[in-house]
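Participant: With the input below, show me the fold.
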Amino acid sequence: MTVTWRSVPAPLRTLARWVTIVQVVGYTTSLIFVWHTTRLVPPGVAARYRGADPLTSEGAMQFPKSFAEMLTITHTHLLSMVVIFLLTGLGLALCERPSEGWKRWLIAEPFVALLVSFSAMWLMRYVDPSFSWLLEASSAVLAVTFYVQSYLILRELRQVEREGHRGSA
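Facilitator: The predicted structure follows:
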């Protein structure tokens with residue numbers, strides 16, 4: 001027997017719906033913070049981690065992240081983001097749509113993007129600021145994947161809920 005959202009008890013579907021909604025709000029808030037601190041442009045991202053020359057920057061002074069700060073950022077973000085993508089991956093695995101191949105790709109992609117993003121962050125900080133392009137690209141793919149996963153989960157939960165109400169009438 002295949003386990004899908006259709007076979008999961010209603011209270012667990014409610015939990016999944018609200019976890020997904022709160023994750024979308026939280027993830028969106030984090031993107032707003034990144035926009036606020038970097039303007040989502042490679043030079044802004046590089047300045048955030050490598051520091052900016054106070055004589056040439058118009059905004060707040062930015063100092064290079066220390067090795068300890070880089071470790072803390074990597075540690076906290078990887079551990080928290082793996083939980084986010086574990087939850088969205090489980091939610092997506094229970095969906096009947098999309099196809100198995102798409103589901104597997106959408107489940108695996110965030111984990112690859114996380115590793116690429118954090119590798120790029122370290123390379124940008126300690127090797128060359130141009131790695132900010134790789135960080136931006138992998139983070140953009142990660143964000144798009146997160147929103148696609150969330151949409152598919154919420155769509156499926158709504159559809160199952162609607163069919164349940166029709167079946168009980």
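
Participant: what mean pLDDT does stretch 72-83 have?
Facilitator: In this model, stretch 72-83 has an average pLDDT of 97.

Participant: so how far is that stretch off the chain centroid?
Facilitator: 11 Å (C-alpha atoms, centre = their mean, to the nearest Å).

Participant: Over to stretch 125-139?
Facilitator: Centre-to-centre, stretch 125-139 and its host chain are 17 Å apart (C-alpha atoms, centre = their mean).

Participant: Pull out the buried residues from that stretch.
Facilitator: 125, 129, 131, 132, 134, 135, 136, 138, 139 (16 or more other C-beta atoms under 10 Å). C-beta here means a position set from N, CA and C on the backbone, and glycine is covered the same way.

Participant: Over to stretch 17-33?
Facilitator: For stretch 17-33, by 16+ other C-beta under 10 Å, it's 17, 20, 23, 24, 27.

Participant: Now do the lengthiest helix in the chain: which elements does it pack against?
Facilitator: Secondary structure of the chain per DSSP state H: the longest helix is helix 132-168. Secondary-structure packing of helix 132-168 (3 or more C-beta pairs under 8 Å, 6 or more residues apart in numbering; DSSP states H and E): helix 10-38, helix 42-50, helix 67-93, helix 100-126.
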